[in-house]
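K.L.:
How does the following fold in three dimensions:
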Amino acid sequence: MITALAGGVGAARLLRGLVRIVPRTEVTAVVNTGDDTVLHGLTICPDLDTVTYTLAGMNDDERGWGLAGETWTAMEALERLGGESWFRLGDKDLATHLYRTQRLADGAPLSEVTREITAAVGIGARLLPMSDDPVRTRLTLVDGPEIAFQEYFVRRQHSVAVASVRFAGADTCRAAPGVLDALADGDVIVICPSNPVVSIGPLLAVPGIADALRQRRSRVVAVSPIVAGAALKGPADRLMAELGVAPTVVGVAQMYAEVAGTLVIDDADAALADDVEALGLHCIVAPTVMKSVADAERLSTTVLDAVSGHVA
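P.N.:
Reported below is the predicted structural model:
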């Protein structure tokens with residue numbers, strides 16, 4: 001069994017390659033819910049939905065999020081009424097949020113609702129929210145207040161400097177059913193190329209998850225989301241720098257050294273491989289930029305081979 005810790009677009013792309021080289025039923029993805037928000041009375045789970053839509057072949061590859069062939073009639077009508085439309089919800093996408101919100105109101109836990117949604121679209125793999133309890137990523141700005149993640153990421157286009165990040169509710173939440181078992185049973189555990197601060201950080205803050213990774217460290221392979229000192233998508237490099245971590249593969253290695261035994265870095269960072277290994281991680285240099293499904297398949301093969309080749 002393969003267990004992955006997943007954030008948004010980068011994780012979804014790697015998982016899309018992974019399920020092409022191993023049976024989908026052998027893949028479990030534990031997905032960040034720190035980005036979740038409530039808007040227009042609807043519970044929205046961006047990372048869960050991005051992974052779901054991508055594995056179902058329904059995603060909009062150009063945007064990286066949302067559904068292909070989306071229309072925006074509801075948002076256009078909302079704008080005419082003067083409602084908040086800075087967080088764009090497509091007409092087809094709304095169905096997911098309507099269904100999730102109703103089922104949660106019925107008393108179903110998020111893990112059960114996620115199972116229902118993924119079964120309905122037939123992704124084959126198992127997706128687990130990191131927790132059924134609400135955990136929310138909050139960012140304190142250098143020149144401003146503490147704000148919610150989507151306020152930072154979407155409304156302000158992650159253009160403001162951050163002084164600190166916290167995960168509200170993480171100290172009292174519990175890992176969702178199946179999460180710790182998946183980490184204990186995984187033959188390979190993959191930390192996907194997701195933002196280490198706000199995508200993987202919330203996962204590691206859930207009680208029990210980091211400890212489970214430490215116990216299986218030799219089987220944990222992380223893929224750096226930083227290539228040649230920059231994030232391929234999103235603000236990971238800036239957030240790392242703002243929080244005092246070098247925005248390089250060495251900085252990524254420092255963040256993951258306790259929980260991962262191997263770090264896969266891009267060819268562009270080959271000169272830093274020795275610095276990564278000096279931190280106690282085995283370092284693999286390989287192409288990590290996923291411009292196509294074939295790229296994702298090759299990277300997935302590299303990740304799986306990393307454990308089979310270095311664990312007795």
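
K.L.:
Low-confidence stretches in the stretch 51-200 of the chain?
P.N.:
Residue ranges of the stretch 51-200 of the chain with pLDDT under 70: none are present.

K.L.:
now the helices for it?
P.N.:
73-81, 91-105, 110-121, 149-150, 179-185, 200-205 (DSSP state H, counting those that start in this stretch).

K.L.:
residues of stretch 162-177 that come out buried?
P.N.:
162, 165, 166, 167, 168, 169, 170, 173, 175, 176 (16 or more other CB atoms under 10 Å). Placement of C-beta: from N, CA and C, glycine included.

K.L.:
Next one: residue 237 relative to residue 245, how far apart?
P.N.:
Applying CB to CB, to the nearest Å, the value for residue 237 to residue 245 is 10 Å.

K.L.:
Now tabulate the helices of the stretch 51-200 of the chain in CSV and tack on distance to residue 12.
P.N.:
Formatted as CSV, these follow (distance: least, CB to CB, whole Å):
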stretch, distance to residue 12
helix 73-81, 23
helix 91-105, 15
helix 110-121, 13
helix 149-150, 18
helix 179-185, 18
helix 200-205, 14
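
K.L.:
Among the ones you listed, which comes closest to residue 63?
P.N.:
The closest of these to residue 63 is helix 91-105. By CB to CB, the value is 11.2 Å.

K.L.:
what angle sits between that closest one and helix 73-81?
P.N.:
Counting by axes from the mean of the first three to the mean of the last three CA atoms, to 10 degrees, helix 91-105 points 90 degrees away from the direction of helix 73-81.

K.L.:
Now do helix 91-105 against helix 110-121, angle only.
P.N.:
With the same axes, to 10 degrees defining the directions, helix 91-105 sits at 140 degrees from helix 110-121.

K.L.:
what does helix 91-105 contact?
P.N.:
41-45, 49, 66-67, 69-74, 89, 110, 112-113, 116-117 (CB atoms under 8 Å, 6 or more residues apart in numbering).

K.L.:
Tell me which of residue 237 and residue 245 has more neighbours.
P.N.:
Remark: of residue 237 and residue 245, residue 237 carries more neighbours, 21 against 17, as counted by other CB atoms under 10 Å.

K.L.:
How about the contacts made by the more buried one?
P.N.:
Residue 237 neighbours (CB under 8 Å, 6+ apart): 226, 229, 230, 231, 247.

K.L.:
again, only using 10 Å
P.N.:
Residue 237 makes contacts with 195, 225, 226, 227, 229, 230, 231, 245, 246, 247, 248, 251, as judged by CB atoms under 10 Å, 6 or more residues apart in numbering.
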